[in-house]
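K.L.:
Provided below are the primary sequence and the corresponding predicted coordinates.
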Amino acid sequence: FVNMINFKTNFKGNFMKFGKILKAYFLSFALILTAQQTAATQENKSAQETPPQNKQNASERQTAQASVKDGDASKSIVGRDGRNSDSRQNQNDEAIKLTVVSPKIAKFSPKLNLHGELVAKDDVAVGSALQGQQIAQVLAEVGENVQKGQILALLDNAGVKAKFDQQTAALEAAKQNLNSAKAAFSEASSALKRAKDLAAKKAISSQELEQANAKEASARANLNFAKAQISQIDAQIAEAKDQLGKASVIAPVSGLVTAKKAQIGTLTSGEALFNIAKDGTVELSADADSRELAQIKVGMSAQAQIYGVKEAVNGKVRLVPVSVDTSSRLGKVKISLDGGAKFIGSYAKAVIDLPEFSALALPAQAVSFTEAGAFATLIKDGKAQKRKIQTGLRANGLVQVISGVSEDDEVALKAAALVNDGEAAQRGAE
């Protein structure tokens, strides 16, 4: 019972405290509301007493808005109506400002790049006319400079040498036979002469005269045979000498040995045993298609960059072919090179200097290259206009323009990622 009395007493005390707090809150809210109403009344009264000043501020704001419209659209002036000012500023800012250039006439120094390999200017194949003869000695190697008439290899000439010796001995015997035939003929001729003299004097019979004629005719026949035999043997000896000469493989020209197939013990065939670069002259043989060939003229300057060699080698175009290979559709351009010996077979790149010319050009940054072609962005009537152009050479940061723009056009730099076709755009400050 006592606890119940204490609970009622505490509840009553707490409730009274809560009421006091609530009363204080409402009093504070009423005081704040009264103060705001009083301030608003004073402001209205002040506004009614000073109308000229408000008119002056409105005039100043109108002048500022006109200067934004007629002047620099990039400047922002804050007036009474901030939202209207921002709207006008956004409209001016919609036109993207771009750096523009105009196509200009520029000089181009075109260069044509070709690829090929180093070859001998005059490649001389050296072989043997004797077929099936064994190679006995090889006297020259690849890379060796040889002179005209120098022996490069020797063939096994034992059979030819034996034949030559046999024919030489036969010639000696034929010469002795010829001397005997000459003596017999001389004697028979003298006997016939005496017989004719005696027959004229009726000192001998006609039968003896006929015998003298027969002996002279026989001696003459023997002499002619001996002479013919010697001629035949002489021909055989000459052939043997020729065979002996062919057994030596001789350099027909002076130059550099570039290839060797001759090996001791192998038999000769129709293939070349050696290849010689005449006078050691090496040149670049480069491949070019018909379009490239049409641009190349004999005498044009060129530089050859040989793979593995640091410094480029100067040269000139020596020969431009008049036909191309039917399979590859390429022709061989011959370029003579300055300097000493080069490595035949080395790959090289040729850079040929083509004639200079002047043409309309744009900076490379102003041209966008896509799969659909080359495009430039022009500024026309406050809008960006994407235009397809035909381009040519590219050099020193410039692109040759064949068609699509003129010198009077304004072309945007780096516009590909900044503005779309038809989007508002204008020339920016220089």
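P.N.:
Everything's here; your move. Numbering: from 1, shown residues only.
K.L.:
quick one, what contacts Ser328?
P.N.:
Each residue near Ser328 by Cβ atoms under 8 Å, 6 or more residues apart in numbering is listed here: Asp287. Where you see a C-beta, it was placed from the backbone N, CA and C, and this is true even at glycine.
K.L.:
My assumption is that it lies in a strand; please confirm.
P.N.:
No - following the definition DSSP: H, G, I helix; E, B strand; the rest coil, Ser328 is coil and is not counted among the residues of a strand.
K.L.:
how close does it sit to Phe357?
P.N.:
From Ser328 over to Phe357 the distance is 30 Å, taken as Cβ to Cβ, to the nearest Å.
K.L.:
quick one, helices of the stretch 101-250 of the chain?
P.N.:
When assigned using DSSP state H, counting those that start in this stretch, the helices of the stretch 101-250 of the chain occupy the ranges 158-200, 206-246.
K.L.:
Nearest to Gly116, out of these?
P.N.:
helix 206-246 (37.1 Å; Cβ to Cβ).
K.L.:
which residue packs closest to Leu98, ignoring adjacent ones?
P.N.:
Closest residue in space to Leu98, ignoring its immediate chain neighbours: Ala412 at 4.3 Å, by Cβ to Cβ, 6 or more residues apart in numbering.
K.L.:
So that neighbour sits against Lys383, correct?
P.N.:
No - with contact defined as Cβ atoms under 8 Å, Ala412 does not count as touching Lys383 (11.3 Å).
K.L.:
any common contacting residues for these two?
P.N.:
By the contact definition Cβ under 8 Å, 6+ apart, Ala412 and Lys383 are jointly contacted by Ala425.
K.L.:
Please say which of the two ends up with more neighbours.
P.N.:
Counted by other Cβ atoms under 10 Å, Ala412 and Lys383 do not tie: Ala412 has more neighbours, with 24 against 15.
K.L.:
how close does the more buried one sit to Ala374?
P.N.:
From Ala412 over to Ala374 (counting by Cβ to Cβ), the distance is 15 Å.
K.L.:
which residues in the stretch 51-200 of the chain form strands?
P.N.:
For the stretch 51-200 of the chain, the strands defined by DSSP state E, counting those that start in this stretch cover 96-98, 100-101, 104-108, 111-120, 123-126, 135-138, 145-146, 151-155.
K.L.:
Point out the most buried one among the ones you listed.
P.N.:
Mean neighbour counts were taken over the strands of the stretch 51-200 of the chain using mean count of other Cβ atoms under 10 Å, and the top value, a mean of 20, falls to strand 151-155.
K.L.:
That strand: partners in the sheet, and parallel or antiparallel?
P.N.:
Sheet neighbours of strand 151-155, with direction, are listed as strand 135-138 (antiparallel), strand 248-250 (antiparallel) (DSSP bridges).
K.L.:
now the angle from it to helix 206-246?
P.N.:
Note on geometry: by axes from the mean of the first three to the mean of the last three Cα atoms, to 10 degrees, strand 151-155 and helix 206-246 are set 120 degrees apart in direction.
K.L.:
average model confidence for strand 151-155?
P.N.:
This predicted structure assigns strand 151-155 an average pLDDT of 92.
K.L.:
Report the distance from it to the chain centre.
P.N.:
42 Å (Cα atoms, centre = their mean, to the nearest Å).
K.L.:
Using CSV, write out every CA atom in it.
P.N.:
Included here for strand 151-155 are C-alpha records, laid out as CSV according to Å, rounded to 0.1, in the frame of the first residue of the first chain:
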residue,chain,number,x,y,z
ILE,A,151,93.5,-21.9,-113.8
LEU,A,152,90.6,-22.5,-111.4
ALA,A,153,90.6,-26.3,-111.5
LEU,A,154,92.3,-29.3,-113.3
LEU,A,155,90.6,-32.4,-114.6
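K.L.:
residues in contact with that strand?
P.N.:
By Cβ under 8 Å, 6+ apart, the list of residues contacting strand 151-155 from outside reads 126, 128, 130, 133-140, 146, 246-251, 257, 262, 268, 273-274.
K.L.:
let's go with 7 Å and repeat that
P.N.:
The contact list for strand 151-155, computed with Cβ atoms under 7 Å, 6 or more residues apart in numbering, reads 126, 128, 130, 133-140, 146, 247-251, 262, 268, 273-274.
K.L.:
likewise stretch 170-186?
P.N.:
Contact partners of stretch 170-186, identified using Cβ under 7 Å, 6+ apart, comprise 219-220, 222-223, 226-227, 229-230, 233-234, 237.
K.L.:
Dump these to JSON lines, plus pLDDT.
P.N.:
Converted to JSON lines, these look like this (pLDDT from 0 to 100):
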{"residue": "Ala219", "pLDDT": "88"}
{"residue": "Arg220", "pLDDT": "87"}
{"residue": "Asn222", "pLDDT": "88"}
{"residue": "Leu223", "pLDDT": "87"}
{"residue": "Ala226", "pLDDT": "86"}
{"residue": "Lys227", "pLDDT": "89"}
{"residue": "Gln229", "pLDDT": "86"}
{"residue": "Ile230", "pLDDT": "86"}
{"residue": "Ile233", "pLDDT": "85"}
{"residue": "Asp234", "pLDDT": "87"}
{"residue": "Ile237", "pLDDT": "83"}
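K.L.:
From the residues you listed, pick the one nearest Ala191.
P.N.:
Of all the contacts of stretch 170-186, the one sitting nearest Ala191 is Ala219; the distance, using Cβ to Cβ, is 9.3 Å.
K.L.:
Before I go, just wanted to say thanks for your time.
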